[in-house]
Every structure is written in structure tokens, then in C-alpha cells.
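In: generate coordinates for the sequence data below:
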Amino acid sequence: MFGFFIALISGALMSIQGVFNTQVTKSTSIWVASAFVQFSALIVCLGAWLISDRTSFSGLMRVEPKYMLLGGAIGAFITYTVIKSMEMLGPARAVMLIVIAQLIVAYVIELLGWFGTEKQPLEMRKIAGMAVAIAGVIIFKWK
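Out: Prediction:
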């Protein structure tokens with residue numbers, strides 16, 4: 001149950017962050033805003049590490065496969081695409097499409113067992129759930 005609430009908080013924070021970042025972009029540029037977002041995240045993470053963790057950074061050299069270390073680089077493009085989609089579509093529409101894309105890609109990753117995940121069987125109820133989510137976007141967008 002705790003994971004459920006953490007996921008809800010994550011979604012809410014992502015939406016709020018997207019709106020904040022889009023507003024910052026209006027006074028700067030998308031890449032300045034993205035760089036500031038990543039830099040401020042670094043500062044917060046280093047502070048949290050100093051207070052709570054202190055695990056050695058040398059553990060990063062043991063990560064295999066090495067491409068798994070690209071999460072931060074992907075994060076820069078996530079920030080960019082969230083800002084642009086919110087700017088062009090508005091927060092609600094952008095977030096709905098982002099979440100549906102996340103759901104579809106995550107399910108494909110599970111189905112194929114990519115990136116070290118456990119392979120899962122194709123389930124029609126999950127396909128139906130995605131179809132309902134897509135129908136929800138269509139209904140939401142309908143004028």
C-alpha cells in the first residue's frame with residue numbers, strides 16, 4: 001500500500017514540476033531551465049546523500065551493463081519534453097499523454113523482459129486497461 005501512495009505523490013510532483021519548469025522557461029530558455037532543474041536536483045541529491053546514505057560513489061563503476069548509467073542523460077530529455085508538451089498542450093492534456101506513453105512503454109518492457117526486468121505474459125486485461133486510458137484521453141480532448 002505504501003508503494004501506491006509513493007506513486008501517487010510521484011505523479012503529483014511530476015505535474016507540479018512540469019508547470020514550474022514551463023514557467024521558468026518563459027523567463028529564460030528551455031535549455032537554461034532544464035540545466036537549472038538538473039543542477040538543483042544534483043544539489044538536493046548530494047544533500048540527502050550527506051545526511052542519510054554515504055554509500056561510496058565507486059559503486060557506480062560496478063553497474064552493468066554500463067548503459068544503465070544513462071538515466072541522468074535521459075532525465076535531461078524528459079525535462080525538455082515535459083516542458084515543451086505542457087507549453088504546447090497545457091498541463092492536463094500533456095500529463096495524460098505522458099502517463100499513457102509511460103504505461104505503454106513500461107508494459108512493452110515487461111512483456112519483452114528488457115533492461116533486466118522479469119518477462120511477463122501478455123494479459124488482455126492490461127491491454128483493455130490501456131485502451132480505456134486512451135479512450136479517456138480522447139474523451140478528455142473531445143470538444
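In: counting neighbours, what do you get for Gln17?
Out: Neighbourhood size, Gln17 [other C-beta atoms under 10 Å]: 15. Every C-beta, even on glycine, is put in place using the N, C-alpha and C of the backbone.
In: and the pLDDT for it?
Out: Looking at Gln17, its pLDDT reads 93.
In: in the helix or strand hosting it, what's buried?
Out: Here Gln17 is covered by helix 2-27, with elements defined by DSSP states H and E. Using 16 or more other C-beta atoms under 10 Å as the test for burial, helix 2-27 gives Ser15, Gly18, Val19, Asn21, Thr22, Val24, Thr25.
In: I'd like to know which elements the helix or strand just after that helix is packed against.
Out: Scanning forward in sequence from helix 2-27 by DSSP H and E, the next helix or strand is helix 30-48. Packing partners of helix 30-48 (3 or more C-beta pairs under 8 Å, 6 or more residues apart in numbering; DSSP states H and E): helix 2-27, helix 71-89.
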